[in-house]
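1. Everything below, folded, please.
(one chain, ligands or ions: 1)
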Amino acid sequence: MKVLVCGGAGYIGSNMTAVLAQNGHEPIVYDNLSKGHRAAVHGVKFVHGDLSNFELLLRTMREHRIEAVMHFAAFIEVGESVSQPLRYYRNNLANALTVLEAMENAGVDKFVFSSTAAVYGMPDVGLITEETPKNPINPYGDSKWDVERICQFQCRTRRLRYAALRYFNACGAGQDGKLGEDHTPESHLIPLVIYAAMGKRADIKIFGTDYPTSDGTCIRDYIHVEDLCSAHLLGLKALDSTNEVVCNLGIGKGYSVRQVIDTVKKVSGKDVKVVEDQRRAGDPPVLTADSSKAMRELGWKPKYTSLEGIIETAWKWHNSHPDGYED
Ligand code: UDP
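-> Prediction:
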(Lines give C-alpha, C1' and ligand atoms only; values in the text may rest on other atoms or scores of the structure.)
Protein backbone atom coordinates (compact mmCIF):
# COMPACT_ATOMS: atom_id res chain seq x y z
CA MET A 1 0.00 0.00 0.00
CA LYS A 2 1.18 3.56 -0.69
CA VAL A 3 1.17 5.29 2.66
CA LEU A 4 1.73 8.98 3.31
CA VAL A 5 3.57 9.27 6.63
CA CYS A 6 2.96 12.76 8.01
CA GLY A 7 5.75 13.46 10.48
CA GLY A 8 7.77 10.58 9.06
CA ALA A 9 11.08 12.22 10.00
CA GLY A 10 10.16 12.29 13.70
CA TYR A 11 10.85 9.70 16.36
CA ILE A 12 7.89 7.36 15.93
CA GLY A 13 7.21 8.32 12.28
CA SER A 14 10.74 7.43 11.16
CA ASN A 15 10.51 4.04 12.83
CA MET A 16 7.13 3.49 11.20
CA THR A 17 8.49 4.46 7.78
CA ALA A 18 11.21 1.81 8.08
CA VAL A 19 8.75 -0.84 9.26
CA LEU A 20 6.31 -0.05 6.43
CA ALA A 21 9.05 -0.42 3.82
CA GLN A 22 10.20 -3.70 5.38
CA ASN A 23 6.67 -5.04 5.20
CA GLY A 24 6.17 -4.48 1.49
CA HIS A 25 4.44 -1.09 1.70
CA GLU A 26 5.58 2.08 -0.03
CA PRO A 27 5.89 4.90 2.51
CA ILE A 28 6.18 8.51 1.35
CA VAL A 29 7.35 10.84 4.09
CA TYR A 30 5.80 14.31 4.44
CA ASP A 31 7.56 16.46 7.04
CA ASN A 32 8.49 20.12 7.54
CA LEU A 33 11.59 19.13 9.57
CA SER A 34 10.62 21.56 12.33
CA LYS A 35 11.15 18.75 14.85
CA GLY A 36 12.12 15.75 12.73
CA HIS A 37 15.48 14.80 11.25
CA ARG A 38 16.25 14.24 7.58
CA ALA A 39 18.95 11.76 8.69
CA ALA A 40 16.25 9.54 10.22
CA VAL A 41 14.68 8.88 6.80
CA HIS A 42 16.42 6.39 4.52
CA GLY A 43 15.71 5.20 1.01
CA VAL A 44 12.12 6.45 0.63
CA LYS A 45 10.49 9.41 -1.09
CA PHE A 46 10.53 12.56 0.99
CA VAL A 47 8.31 15.63 0.60
CA HIS A 48 9.47 18.70 2.52
CA GLY A 49 6.16 20.31 3.31
CA ASP A 50 4.02 21.88 5.97
CA LEU A 51 0.75 20.36 7.08
CA SER A 52 -0.97 23.71 6.78
CA ASN A 53 -0.32 23.55 3.01
CA PHE A 54 -3.56 22.02 1.73
CA GLU A 55 -2.53 22.33 -1.95
CA LEU A 56 0.76 20.52 -1.45
CA LEU A 57 -0.89 17.79 0.61
CA LEU A 58 -3.55 17.27 -2.04
CA ARG A 59 -1.01 17.26 -4.87
CA THR A 60 1.22 14.81 -2.98
CA MET A 61 -1.69 12.46 -2.32
CA ARG A 62 -2.80 12.57 -5.96
CA GLU A 63 0.64 12.34 -7.58
CA HIS A 64 1.72 9.40 -5.45
CA ARG A 65 -1.67 7.68 -5.56
CA ILE A 66 -1.72 7.54 -1.78
CA GLU A 67 -4.05 4.89 -0.33
CA ALA A 68 -3.63 5.58 3.40
CA VAL A 69 -2.29 8.29 5.68
CA MET A 70 -0.49 7.78 8.97
CA HIS A 71 -0.37 10.94 11.03
CA PHE A 72 2.49 11.40 13.52
CA ALA A 73 3.09 15.14 13.13
CA ALA A 74 2.13 16.77 16.39
CA PHE A 75 3.63 18.80 19.19
CA ILE A 76 4.01 16.61 22.26
CA GLU A 77 4.96 18.74 25.26
CA VAL A 78 2.20 18.79 27.82
CA GLY A 79 3.65 21.76 29.75
CA GLU A 80 4.19 23.79 26.59
CA SER A 81 0.63 23.06 25.51
CA VAL A 82 -0.59 24.66 28.73
CA SER A 83 1.48 27.82 28.20
CA GLN A 84 0.88 28.00 24.41
CA PRO A 85 -2.55 26.47 23.77
CA LEU A 86 -3.14 28.23 20.44
CA ARG A 87 0.09 26.83 19.02
CA TYR A 88 -1.04 23.33 19.99
CA TYR A 89 -4.56 23.64 18.61
CA ARG A 90 -3.12 25.12 15.38
CA ASN A 91 -0.68 22.27 14.80
CA ASN A 92 -2.37 19.29 16.42
CA LEU A 93 -5.97 20.13 15.56
CA ALA A 94 -6.13 22.57 12.60
CA ASN A 95 -3.33 20.88 10.65
CA ALA A 96 -4.84 17.44 11.23
CA LEU A 97 -8.09 18.84 9.88
CA THR A 98 -6.25 20.04 6.78
CA VAL A 99 -4.85 16.52 6.29
CA LEU A 100 -8.36 15.05 6.60
CA GLU A 101 -9.73 17.61 4.11
CA ALA A 102 -6.97 16.82 1.62
CA MET A 103 -7.72 13.11 2.07
CA GLU A 104 -11.41 13.67 1.38
CA ASN A 105 -10.57 15.67 -1.75
CA ALA A 106 -8.08 13.10 -2.98
CA GLY A 107 -10.42 10.20 -2.20
CA VAL A 108 -8.07 8.65 0.38
CA ASP A 109 -10.15 6.95 3.04
CA LYS A 110 -7.71 5.21 5.44
CA PHE A 111 -6.25 7.18 8.34
CA VAL A 112 -4.10 5.92 11.20
CA PHE A 113 -3.90 8.52 13.92
CA SER A 114 -1.40 8.84 16.79
CA SER A 115 -3.55 9.52 19.80
CA THR A 116 -2.51 9.46 23.41
CA ALA A 117 -3.27 8.34 26.95
CA ALA A 118 -3.57 12.08 27.68
CA VAL A 119 -7.16 11.91 26.35
CA TYR A 120 -8.08 10.25 29.67
CA GLY A 121 -6.83 13.09 31.86
CA MET A 122 -6.51 11.99 35.49
CA PRO A 123 -8.33 8.64 35.48
CA ASP A 124 -9.21 7.14 38.81
CA VAL A 125 -8.74 3.52 37.74
CA GLY A 126 -5.99 0.91 37.82
CA LEU A 127 -5.72 -0.17 34.20
CA ILE A 128 -7.23 2.25 31.67
CA THR A 129 -9.55 0.76 29.06
CA GLU A 130 -10.80 2.49 25.92
CA GLU A 131 -14.11 3.04 27.75
CA THR A 132 -12.51 4.98 30.61
CA PRO A 133 -14.01 8.52 30.46
CA LYS A 134 -12.16 11.00 28.29
CA ASN A 135 -11.39 14.08 30.34
CA PRO A 136 -8.24 15.67 28.91
CA ILE A 137 -6.74 18.19 31.28
CA ASN A 138 -4.36 20.00 28.93
CA PRO A 139 -4.43 21.34 25.35
CA TYR A 140 -2.17 18.50 24.18
CA GLY A 141 -4.61 15.76 25.22
CA ASP A 142 -7.62 17.87 24.30
CA SER A 143 -6.36 18.54 20.75
CA LYS A 144 -5.83 14.80 20.22
CA TRP A 145 -9.32 14.03 21.55
CA ASP A 146 -10.76 16.69 19.22
CA VAL A 147 -9.19 14.94 16.22
CA GLU A 148 -10.55 11.58 17.38
CA ARG A 149 -14.05 13.08 17.61
CA ILE A 150 -13.75 14.60 14.13
CA CYS A 151 -12.72 11.16 12.84
CA GLN A 152 -15.75 9.57 14.55
CA PHE A 153 -18.13 11.90 12.74
CA GLN A 154 -16.31 11.78 9.40
CA CYS A 155 -16.33 7.99 9.63
CA ARG A 156 -20.14 8.07 9.78
CA THR A 157 -20.22 9.73 6.35
CA ARG A 158 -18.49 6.58 5.00
CA ARG A 159 -15.72 8.72 3.55
CA LEU A 160 -13.22 7.79 6.26
CA ARG A 161 -11.99 4.61 7.91
CA TYR A 162 -9.71 5.35 10.85
CA ALA A 163 -7.61 3.81 13.57
CA ALA A 164 -6.94 5.95 16.65
CA LEU A 165 -4.09 4.45 18.64
CA ARG A 166 -3.74 5.82 22.14
CA TYR A 167 -0.08 5.53 23.07
CA PHE A 168 1.11 5.42 26.63
CA ASN A 169 4.84 6.26 27.09
CA ALA A 170 6.67 5.64 23.81
CA CYS A 171 10.37 4.89 24.23
CA GLY A 172 13.35 2.84 23.08
CA ALA A 173 15.11 2.74 19.73
CA GLY A 174 14.10 0.72 16.69
CA GLN A 175 15.90 -0.91 13.76
CA ASP A 176 18.48 -2.58 15.99
CA GLY A 177 19.21 0.65 17.82
CA LYS A 178 19.53 2.78 14.65
CA LEU A 179 16.41 4.96 14.95
CA GLY A 180 16.17 6.66 18.32
CA GLU A 181 14.67 9.56 20.22
CA ASP A 182 16.14 13.01 19.55
CA HIS A 183 13.84 15.82 20.69
CA THR A 184 14.83 19.44 21.15
CA PRO A 185 14.28 20.25 23.92
CA GLU A 186 14.14 16.80 25.45
CA SER A 187 11.61 16.45 28.26
CA HIS A 188 11.07 12.70 28.45
CA LEU A 189 12.27 10.71 31.40
CA ILE A 190 14.21 7.85 29.78
CA PRO A 191 16.40 9.96 27.44
CA LEU A 192 17.03 12.47 30.23
CA VAL A 193 18.20 9.77 32.66
CA ILE A 194 20.40 8.37 29.90
CA TYR A 195 21.89 11.85 29.32
CA ALA A 196 22.70 11.99 33.05
CA ALA A 197 24.34 8.55 32.86
CA MET A 198 26.36 9.69 29.82
CA GLY A 199 27.50 12.82 31.67
CA LYS A 200 25.61 15.07 29.24
CA ARG A 201 23.71 16.59 32.17
CA ALA A 202 24.58 16.88 35.83
CA ASP A 203 21.57 15.11 37.31
CA ILE A 204 18.04 13.89 36.87
CA LYS A 205 15.22 15.61 38.71
CA ILE A 206 12.35 13.56 40.05
CA PHE A 207 9.18 15.58 39.66
CA GLY A 208 7.34 14.72 42.87
CA THR A 209 8.12 12.12 45.52
CA ASP A 210 4.85 12.38 47.47
CA TYR A 211 2.46 10.67 45.07
CA PRO A 212 0.20 7.91 46.43
CA THR A 213 2.35 5.17 44.85
CA SER A 214 4.62 2.53 46.38
CA ASP A 215 7.76 4.71 46.25
CA GLY A 216 6.05 8.12 46.01
CA THR A 217 6.96 8.73 42.35
CA CYS A 218 4.73 8.61 39.26
CA ILE A 219 4.06 5.33 37.51
CA ARG A 220 3.90 5.07 33.71
CA ASP A 221 3.47 2.32 31.13
CA TYR A 222 6.55 2.38 28.87
CA ILE A 223 6.06 0.90 25.42
CA HIS A 224 8.78 0.25 22.88
CA VAL A 225 8.56 2.18 19.61
CA GLU A 226 8.77 -1.06 17.56
CA ASP A 227 5.73 -2.40 19.38
CA LEU A 228 3.88 0.81 18.52
CA CYS A 229 4.85 0.30 14.87
CA SER A 230 3.64 -3.30 14.78
CA ALA A 231 0.28 -2.13 16.14
CA HIS A 232 0.08 0.51 13.39
CA LEU A 233 0.65 -2.12 10.72
CA LEU A 234 -2.12 -4.25 12.19
CA GLY A 235 -4.39 -1.21 12.55
CA LEU A 236 -3.85 -0.34 8.89
CA LYS A 237 -4.64 -3.90 7.83
CA ALA A 238 -7.78 -3.94 9.97
CA LEU A 239 -9.12 -0.97 7.99
CA ASP A 240 -9.55 -3.29 5.00
CA SER A 241 -12.49 -4.86 6.78
CA THR A 242 -13.57 -2.41 9.45
CA ASN A 243 -14.31 1.33 9.56
CA GLU A 244 -13.16 2.20 13.04
CA VAL A 245 -10.40 0.98 15.34
CA VAL A 246 -9.73 2.60 18.72
CA CYS A 247 -7.09 0.96 20.89
CA ASN A 248 -4.83 1.64 23.84
CA LEU A 249 -1.18 0.73 23.35
CA GLY A 250 0.86 -0.02 26.44
CA ILE A 251 2.35 -3.14 27.97
CA GLY A 252 -0.04 -3.13 30.92
CA LYS A 253 2.69 -2.81 33.51
CA GLY A 254 3.72 0.34 35.28
CA TYR A 255 7.17 1.48 36.38
CA SER A 256 7.87 4.33 38.78
CA VAL A 257 10.29 7.17 38.05
CA ARG A 258 12.70 5.67 40.58
CA GLN A 259 12.49 2.26 38.89
CA VAL A 260 13.31 3.88 35.55
CA ILE A 261 16.35 5.60 37.05
CA ASP A 262 17.54 2.35 38.69
CA THR A 263 17.11 0.46 35.43
CA VAL A 264 19.16 3.01 33.48
CA LYS A 265 21.88 2.72 36.14
CA LYS A 266 21.85 -1.06 35.79
CA VAL A 267 21.88 -1.09 31.98
CA SER A 268 24.58 1.59 31.69
CA GLY A 269 26.70 0.57 34.65
CA LYS A 270 26.91 4.30 35.51
CA ASP A 271 25.79 6.21 38.53
CA VAL A 272 23.26 9.01 38.18
CA LYS A 273 22.82 11.96 40.54
CA VAL A 274 19.18 12.23 41.57
CA VAL A 275 17.56 15.47 42.76
CA GLU A 276 14.10 15.33 44.32
CA ASP A 277 12.04 18.20 42.95
CA GLN A 278 8.49 19.56 43.00
CA ARG A 279 5.63 17.87 41.18
CA ARG A 280 5.23 18.81 37.51
CA ALA A 281 1.86 20.40 36.74
CA GLY A 282 -0.69 18.07 35.20
CA ASP A 283 1.02 14.74 36.01
CA PRO A 284 -1.43 11.98 37.00
CA PRO A 285 0.09 9.63 39.63
CA VAL A 286 -0.48 6.43 37.62
CA LEU A 287 -1.14 5.80 33.91
CA THR A 288 -1.18 2.15 32.86
CA ALA A 289 -2.95 0.63 29.89
CA ASP A 290 -5.33 -2.21 29.48
CA SER A 291 -4.29 -3.13 25.93
CA SER A 292 -6.32 -6.33 25.74
CA LYS A 293 -8.50 -4.82 23.02
CA ALA A 294 -5.51 -4.36 20.68
CA MET A 295 -4.41 -7.91 21.41
CA ARG A 296 -7.89 -9.35 20.92
CA GLU A 297 -9.05 -7.33 17.93
CA LEU A 298 -5.79 -6.64 16.08
CA GLY A 299 -3.84 -9.72 17.14
CA TRP A 300 -1.15 -7.43 18.55
CA LYS A 301 1.47 -8.71 20.96
CA PRO A 302 4.19 -6.42 22.34
CA LYS A 303 7.67 -7.87 21.93
CA TYR A 304 9.30 -5.77 24.65
CA THR A 305 7.74 -6.59 27.98
CA SER A 306 10.58 -5.60 30.30
CA LEU A 307 11.77 -2.09 31.01
CA GLU A 308 15.37 -3.30 30.97
CA GLY A 309 15.05 -4.63 27.42
CA ILE A 310 13.53 -1.33 26.28
CA ILE A 311 16.20 0.79 27.95
CA GLU A 312 18.99 -1.33 26.46
CA THR A 313 17.87 -0.29 22.96
CA ALA A 314 17.68 3.40 23.96
CA TRP A 315 21.09 3.24 25.66
CA LYS A 316 22.60 1.73 22.51
CA TRP A 317 21.18 4.48 20.28
CA HIS A 318 22.26 7.35 22.52
CA ASN A 319 25.78 5.96 22.77
CA SER A 320 26.09 5.63 19.02
CA HIS A 321 24.57 9.14 18.54
CA PRO A 322 25.97 11.14 21.48
CA ASP A 323 25.00 14.41 19.79
CA GLY A 324 21.77 13.09 18.27
CA TYR A 325 21.13 12.98 14.51
CA GLU A 326 23.52 14.96 12.34
CA ASP A 327 20.65 16.79 10.59
N1 UDP B 1 9.79 12.95 34.98
C2 UDP B 1 10.70 13.26 35.98
N3 UDP B 1 11.82 13.97 35.65
C4 UDP B 1 12.09 14.39 34.39
C5 UDP B 1 11.16 14.04 33.35
C6 UDP B 1 10.02 13.34 33.70
O7 UDP B 1 10.49 12.92 37.14
O8 UDP B 1 13.12 15.04 34.17
C9 UDP B 1 8.58 12.17 35.30
C10 UDP B 1 7.29 12.85 34.91
O11 UDP B 1 6.87 13.72 35.93
C12 UDP B 1 6.37 11.67 34.70
C13 UDP B 1 7.30 10.56 34.20
O14 UDP B 1 8.63 10.98 34.56
O15 UDP B 1 5.82 11.25 35.93
C16 UDP B 1 7.24 10.37 32.70
O17 UDP B 1 7.37 11.65 32.10
P18 UDP B 1 7.60 11.85 30.56
O19 UDP B 1 7.77 13.33 30.32
O20 UDP B 1 8.70 10.97 30.09
O21 UDP B 1 6.27 11.32 29.88
P22 UDP B 1 4.72 11.70 30.12
O23 UDP B 1 4.22 10.70 31.13
O24 UDP B 1 4.64 13.11 30.59
O25 UDP B 1 4.11 11.49 28.78
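2. could you measure the residue in the stretch 151-300 of the chain positioned nearest to the ligand against Ile206, distance?
-> Across the stretch 151-300 of the chain, no residue is closer to the ligand than Cys218, which sits at 3.0 Å (CB to the nearest ligand atom). All C-beta spots, glycine's among them, are computed from the backbone N, C-alpha and C. Going from Cys218 to Ile206 by CB to CB, to the nearest Å gives 9 Å.
3. Could you show which parts of the chain are in contact with the ligand?
-> 78, 169, 187-189, 192, 204-207, 218, 220, 257, 280, 283 (CB under 6 Å from any ligand atom).
4. OK, contacts around the closest residue to Ile12 other than its chain neighbours?
-> Using CB to CB, 6 or more residues apart in numbering and skipping the chain neighbours, the partner closest in space to Ile12 is Phe72 (5.3 Å). Phe72 is in contact with 5-8, 10, 12-13, 16, 114, counting by CB atoms under 8 Å, 6 or more residues apart in numbering.
5. so of the residues of the chain next to the ligand, which ones are in strands?
-> 169, 204-207, 220 (DSSP state E).
6. Please tell me which one of these counts the most neighbours.
-> Using other CB atoms under 10 Å as the neighbour test, those are led by Arg220, with 25 neighbours.
7. which other residues reach the least confident helix or strand in the chain by mean pLDDT?
-> For the chain, counting by mean pLDDT, DSSP states H and E, helix 78-83 ranks last in confidence among helices and strands (a mean of 88). When contacts are defined by CB under 8 Å, 6+ apart, helix 78-83 is touched by residues 75, 87-88, 118, 138-141, 143, 187, 280-282.
8. ok, now with 7 Å
-> 75, 88, 118, 138-140, 280-282 (CB atoms under 7 Å, 6 or more residues apart in numbering).
9. Next, show the common contact partners of Cys218 and Ile206.
-> Residues touching both Cys218 and Ile206 by CB under 7 Å, 6+ apart: Val257.
10. Counting by contacts, list what the longest helix along the chain packs against.
-> What stands out as the longest helix in the chain, according to DSSP state H, is helix 139-156. Applying 3 or more CB pairs under 7 Å, 6 or more residues apart in numbering; DSSP states H and E, one finds that helix 139-156 contacts helix 78-83, helix 85-88, helix 95-106, strand 110-116, strand 161-167.
11. For Gln154, find the nearest of those.
-> Closest to Gln154 of the helices and strands packed on helix 139-156 is helix 95-106 (CB to CB; 6.4 Å).
12. Return the set of buried residues in the closest one.
-> Buried residues in helix 95-106, counted by 16 or more other CB atoms under 10 Å: 95-96, 98-100, 102-103, 106.
13. now do stretch 69-89
-> Buried, per 16+ other CB under 10 Å, within stretch 69-89: 69-78, 80-81, 88-89.
14. Any regions of the stretch 51-200 of the chain where pLDDT drops low?
-> Judged against pLDDT under 70, the stretch 51-200 of the chain has no low-scoring part.
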